[in-house]
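Participant: Below is the structure, and that's it, no one-letter string:
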């Protein structure tokens with residue numbers, strides 16, 4: 001879809017529903033920069049998101065389709081923030097993002113750029129409402 005549009009796409013910001021090996025494989029095959037939150041699947045990623053500080057790790061997902069299986073590897077940026085009583089929570093919150101973009105150098109960058117997605121969606125909804133009225 002993105003290749004067919006006559007637009008310059010800097011990066012694709014996706015919901016966590018797109019976090020699977022098929023989508024990640026397509027994004028890498030078409031050389032698109034992407035940022036998406038990860039889903040806490042499997043022991044490895046659950047362990048990584050339950051301990052340690054901000055860091056970048058290599059992670060992989062394996063998929064099966066029509067009797068074929070493949071593994072896709074990608075960087076996961078884990079950003080740690082202090083809750084400070086936010087949502088009545090205390091301690092460290094760890095946010096993981098699958099990201100492969102030239103402008104993301106640190107876990108904080110991944111969280112910062114993904115947060116832009118909400119502003120984009122809000123602007124789009126607002127423009128749709130103004131057109132409808």
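Facilitator: Ah, there it is. Quick caveat, the model's predicted, so the values are computed rather than measured. Residues are numbered from 1 along each chain as shown.

Participant: Could I get the contacting residues of the residue lying closest to residue 90 once chain neighbours are set aside?
Facilitator: Sequence neighbours aside, residue 83 is the residue nearest to residue 90 in space, at 5.3 Å (criterion: CB to CB, 6 or more residues apart in numbering). Heads up, the C-betas are built off the backbone N, CA and C, glycines and all. With contacts defined as CB atoms under 8 Å, 6 or more residues apart in numbering, residue 83 is in contact with 89-93.

Participant: Ok, residue 74 next?
Facilitator: With CB under 8 Å, 6+ apart, residue 74 has these contacts: 24, 28, 58-60, 98, 100.

Participant: List phi and psi for residue 17.
Facilitator: phi -60, psi -20 (degrees, to the nearest 10).

Participant: Number of residues surrounding it?
Facilitator: Neighbour count of residue 17, defined by other CB atoms under 10 Å: 10.
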